[in-house]
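Asker: Have a look; sequence and predicted model below, questions after that.
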Amino acid sequence: MSLPQDLNRCPWCGSDPLYMAYHDQEWGVAEYDPRALWEKLILDGFQAGLSWITILRKREAFRAEFEGFDPARIAQWEEARIERALQNPGIVRHRGKIAGAVKNARAYLDIPDFAAFCWRHVGGKPLVNRPATHGDIPTESEISRALSRDLKKAGFTFVGPTIVYAWMQACGLIDDHLVTCHKSRR
């Protein structure tokens, strides 16, 4: 993977090619596909307590184990299927997080339009913050707290306001690219 090295990027991605590609091609890009939003929410839940690069490196193994992140299939998982997932060294093997993904699949299926459910919290378009430094970026906001509450009311788990804020950034509901970053909306 060859990426331009001379571009100004948000410093969190460092010089790791996988992280740089994620930054340049995904992070902060408005995502409106409900299943893609759901997949990223599940992955953000697995990331809790870990680094995001760990999840990125395991993403393809997650996709394979979680049946392409098909919520209808995952919602059918029972204890034996959870046990099978717990044996996969390619993913984060945390019983609570795997069971949470099953619970979240069921909750997702109960929401008629997951994308609209999420995007209404930001008025249907990305909130562009234009932070000057990494220190200017919060770890949560009133909007992430409200969306977290709504997700929990809908039956989701592993959706605290910090996880939700990071997910909103990842899915482009919130654009926190630094003003010095080549991806910043000027």
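Answerer: Thanks, I have it.
Asker: could you pull out the helices for this protein?
Answerer: 17-25, 34-47, 52-65, 71-74, 79-86, 95-109, 114-119, 142-153, 161-170 (DSSP state H).
Asker: how much does the last one deviate in direction from helix 142-153?
Answerer: When you say that, I think you mean helix 161-170. 110 degrees (axes from the mean of the first three to the mean of the last three CA atoms, to 10 degrees).
Asker: With just CA atoms, put helix 161-170 into PDB.
Answerer: Extracted C-alpha coordinates of helix 161-170, given in PDB (Å, rounded to 0.1, in the frame of the first residue of the first chain):
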ATOM      1  CA  PRO A 161     -20.900   8.300  25.000                       C
ATOM      2  CA  THR A 162     -17.200   8.000  24.500                       C
ATOM      3  CA  ILE A 163     -17.600   4.900  22.200                       C
ATOM      4  CA  VAL A 164     -20.400   6.700  20.400                       C
ATOM      5  CA  TYR A 165     -18.300   9.900  19.900                       C
ATOM      6  CA  ALA A 166     -15.400   7.900  18.400                       C
ATOM      7  CA  TRP A 167     -17.900   6.000  16.200                       C
ATOM      8  CA  MET A 168     -19.500   9.300  15.100                       C
ATOM      9  CA  GLN A 169     -16.000  10.500  14.100                       C
ATOM     10  CA  ALA A 170     -15.300   7.200  12.200                       C
END
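Asker: what's it packed up against?
Answerer: Counting contacts by 3 or more CB pairs under 8 Å, 6 or more residues apart in numbering; DSSP states H and E, helix 161-170 packs against helix 34-47, helix 142-153, strand 174-175. (Each C-beta comes from the backbone N, C-alpha and C, glycine too.)
Asker: Give me the neighbour count for the nearest residue to F117 once chain neighbours are set aside.
Answerer: Spatially, and ignoring its direct neighbours in sequence, F117 is nearest to I111 (5.1 Å; CB to CB, 6 or more residues apart in numbering). By other CB atoms under 10 Å, the residues close to I111 number 18.
Asker: wait, isn't I111 in contact with A154?
Answerer: Yes: under the criterion of CB atoms under 8 Å, I111 makes contact with A154 at 6.1 Å.
Asker: How about the contacts made by I98?
Answerer: For I98, the contacting residues are 82, 85-86, by CB atoms under 8 Å, 6 or more residues apart in numbering.
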